[in-house]
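Kindly return the folded structure for what I paste below:
(one chain, ligands or ions: 1)
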Amino acid sequence: MSVLGADGKFTNPWPTWQPHTLGQLAKWWWAKEQHAWYGWLMGNEKASYEQVTAQFPVAPLDLAALGKPPSNAIQASWIGHATCLVQLDGCTFLTDPFFSQRAGPWNRLGPRRTVKCPLDVDDPQLPHIDFIVISHNHYDHLDVPSVQRLHARFGQHLRWYVPLKLAVWFEALGITNVQELDWWQEVPHPASSLTVILTPAQHESSRLGYDRRHSLWGGFCVRGKWQRVWFAGDTGYCPVFKELGEHLGPVDLALIPIGNYRPASVMRPVHCGPSEAVQIHQDVKAKASIAIHHGTLGWDGGPMDEPRHLLKEAAAAAQLPQDTFRSVQHGAVLQFPKHQLESTNGMLSKYKRRVELLLEAVSQWHGTMWAPEYFHAE
Ligand SMILES: [Zn+2]
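Residues are numbered from 1 along each chain as shown. Sure, this is the predicted structure:
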C-alpha cells in the first residue's frame, strides 16, 4: 500500500528519499539553461542536431512483426523515452505514451524531442492496442496530445491503468475506461489472461507545481500465463526493488530508466543512473532488461550518449552476461523467448527443461494457468 506523509500527500517511505528544495530546483533549471536544447554529446558539448541524431538512428517499426506477435515470447519495442510497445500472450500494451515534440505545459515549454518517434498512432497497420499503463503525471510520461490521439483511435475499448488519484485527469478528457491502482494492488485485465500490478517507485508527481505528490506514482508488472514484464516507470534507487524481486521476480523482461541523473544532488532521489539501474535489474531478478528514459529528449542533464555508455560499463562491472541489460535502437522490435536455457547446459538444466516441458504439457492439458516458473520460484 502507498504511504501518506504528515502533509496528507503521497510520499516515499524509504531512507533513500530526499525531497528537493527550491534552491536545488533553481540550480537545476540554471544548469539546464546553460545548454542548448539540442546538442550535447560526450566530448562534444556543442554538437549539431545532425551529429546528435546520427548517434541515435531510428529503426522503422516492423509493423508486420507486431501484427503477428509470437505465442511463446514477449515482443517489445522501445519507442523512445519511457514509451515501449509490449506484446504478451496476444495482448498489446504501451507504457507512458509520449509522441509529442515537447514535454511540458501546453507542449510549448519543457524539453524538446530530438530523436524522431517511430510510432504513428494513426497508421492503419498498427496492431490494436489493448491497454496503456501510466507511471505518473510528469509531462514526459503523461502527455495530453498522445493520450487524445490514442483515445481517438481506440476509443473507450482502450483501458488505462493509472496510479491512485489520476483517474480524474482522464475523466476531464472524457476518458472513463480507467482503472486506478495502489502500490502492490493487482487486477486482472478483463479481456485477456494478463494481470496488471502497480509496483512502488521512489519518485514524485506534479503538473502545475502546487499539486506536488497529490497523485501516486509507480511501475507496473504485467503477468502473463508464462512470462512477466516489469516497467519500472520513473524512479530513484531504493530498497523496495529487492522486495519486488522476492514478490514478483524473476521477471522475463524489465524496462528500466537509465537517464537524467545529473546533477546527482537533485536527481538522485528521483532518477537512477546506469549503475543503480543495473542494481535494480539484479534486485528484481530480471532475465533481460531494456534501457529506457534516455537518448530521446534533447536535454537530459548531460551528454545524450552518456547513459548508454555508462550502462555498458556498469553491466560489465556487475559481470552481467552480454546483452542481458542493453540499450537498444528506437523502434527495433525484439523478442524475449519463454524459456532461456541456462548458459551452463549441463545435466541439471537439461533435466530442469524436461520437467518444465512436462509441467507445461500437463498444465495445457489441464487448462489451468499454473506456470512451472512459479514452481521454481517457491
Ligand atoms: Zn518523472
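
okay, CA-based contacts and neighbour counts for the rest of this
Fine.

Put the alpha carbons of the strand ranked longest in the chain into PDB.
In the chain, with assignment by DSSP state E, the single longest strand is strand 73-80. C-alpha atoms of strand 73-80 as PDB (Å, rounded to 0.1, in the frame of the first residue of the first chain):
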ATOM      1  CA  ALA A  73       7.900 -15.000 -26.400                       C
ATOM      2  CA  ILE A  74       7.500 -11.400 -25.300                       C
ATOM      3  CA  GLN A  75       7.800  -9.000 -28.200                       C
ATOM      4  CA  ALA A  76       8.800  -5.400 -27.400                       C
ATOM      5  CA  SER A  77      10.000  -2.200 -29.000                       C
ATOM      6  CA  TRP A  78      11.400   0.900 -27.300                       C
ATOM      7  CA  ILE A  79       9.500   3.800 -29.000                       C
ATOM      8  CA  GLY A  80      11.500   6.400 -27.100                       C
END
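
Domains in the protein, by residue range?
Using automatic domain parsing, the domain parsing of the chain gives 3-337, 347-377.

what comes into contact with stretch 168-186?
1-2, 148, 151, 156-167, 195-200, 216, 218 (CA atoms under 8 Å, 6 or more residues apart in numbering).

Now do the same for A316: helix, strand or coil?
Per DSSP: H, G, I helix; E, B strand; the rest coil, the local secondary structure of A316 is helix.

one step back: next SSE after the longest strand of the chain?
strand 83-88 (DSSP states H and E).

so where is the stretch 201-350 of the chain shaky, pLDDT-wise?
Low-confidence segments of the stretch 201-350 of the chain (pLDDT under 70): 339-350.

Which parts of it are strands?
Counting by DSSP state E, counting those that start in this stretch, the stretch 201-350 of the chain has strands at residues 219-223, 228-231, 253-257, 289-292, 325-326, 333-337.

could those strands be laid out in TSV, adding distance to H81 and mean neighbour count?
Shown next, in TSV, are the strands of the stretch 201-350 of the chain (distance: least, CA to CA, whole Å; neighbours: other CA atoms under 10 Å):
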stretch	distance to H81	mean neighbour count
strand 219-223	15	26
strand 228-231	13	26
strand 253-257	9	27
strand 289-292	6	26
strand 325-326	15	21
strand 333-337	16	17
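
For the most centrally placed residue in the chain, list each beta-bridge partner.
The chain has F231 as the residue nearest its centroid, 3.8 Å off, counting by CA atoms, centre = their mean. Beta-bridge partners of F231, counted by DSSP bridges, are F220, L255.

quick one: it from W217, how far?
12 Å (CA to CA, to the nearest Å).

Show me where the stretch 51-200 of the chain has its strands.
Here the stretch 51-200 of the chain has its strands, by DSSP E, counting those that start in this stretch, at 73-80, 83-88, 91-95, 131-133, 159-163, 178-181, 186-188, 195-199.

Can you convert these into a markdown table and add a column each for mean pLDDT, mean neighbour count and distance to K27?
Formatted as a markdown table, the strands of the stretch 51-200 of the chain follow (pLDDT from 0 to 100; neighbours: other CA atoms under 10 Å; distance: least, CA to CA, whole Å):
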| stretch | mean pLDDT | mean neighbour count | distance to K27 |
| --- | --- | --- | --- |
| strand 73-80 | 98 | 25 | 27 |
| strand 83-88 | 98 | 24 | 28 |
| strand 91-95 | 97 | 22 | 31 |
| strand 131-133 | 98 | 22 | 32 |
| strand 159-163 | 98 | 25 | 30 |
| strand 178-181 | 98 | 20 | 34 |
| strand 186-188 | 97 | 15 | 39 |
| strand 195-199 | 98 | 24 | 31 |
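
Tabulate those strands (CSV), appending distance to V333.
Shown next, in CSV, are these (distance: least, CA to CA, whole Å):
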stretch, distance to V333
strand 73-80, 5
strand 83-88, 9
strand 91-95, 13
strand 131-133, 18
strand 159-163, 23
strand 178-181, 28
strand 186-188, 26
strand 195-199, 23
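
If we ignore the residues flanking it in sequence, what's nearest Q75?
Residue nearest to Q75 in three dimensions, not counting chain neighbours: Q335, with 4.4 Å by CA to CA, 6 or more residues apart in numbering.

Of the domains of the chain, flag the one that's most buried.
By mean neighbour count, with neighbours taken as mean count of other CA atoms under 10 Å, domain 3-337 ranks first of these at a mean of 19.

Ends of that domain, what's the gap?
Distance across domain 3-337, first residue to last, is 37 Å (CA to CA).

next one: stretch 176-184
Start-to-end span of stretch 176-184 (CA to CA) is 23 Å.

now swap in stretch 191-209 and tell me
Note: stretch 191-209 ends 37 Å apart using CA to CA.

Could you do stretch 264-283 as well?
Separation of the first and last residues of stretch 264-283 by CA to CA is 22 Å.

Then stretch 122-140?
Stretch 122-140 has an end-to-end distance of 21 Å (CA to CA).

any idea how far A318 lies from A291?
Going from A318 to A291 by CA to CA gives 16 Å.

returning to what we had before: to Y49, which of the strands of the stretch 201-350 of the chain lies closest?
Of all the strands of the stretch 201-350 of the chain, it is strand 289-292 that lies closest to Y49, at 21.0 Å by CA to CA.

Show me what that closest one is packed up against.
strand 73-80, strand 253-257, strand 325-326 (3 or more CA pairs under 8 Å, 6 or more residues apart in numbering; DSSP states H and E).

which residues sit against that strand?
Residues from elsewhere that reach strand 289-292 (CA under 8 Å, 6+ apart): 78, 80-83, 253-259, 281, 308, 324-328.

For the residue nearest to the centre of the chain, give me its contacts.
Applying CA under 8 Å, 6+ apart, we find F231 in contact with T95, G219, F220, C221, A254, L255, I256.

Take those and write them to JSON lines, including distance to E246.
As requested, the contacts of F231 are exported to JSON lines (distance: CA to CA, whole Å):
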{"residue": "T95", "distance to E246": "23"}
{"residue": "G219", "distance to E246": "16"}
{"residue": "F220", "distance to E246": "15"}
{"residue": "C221", "distance to E246": "13"}
{"residue": "A254", "distance to E246": "15"}
{"residue": "L255", "distance to E246": "18"}
{"residue": "I256", "distance to E246": "18"}
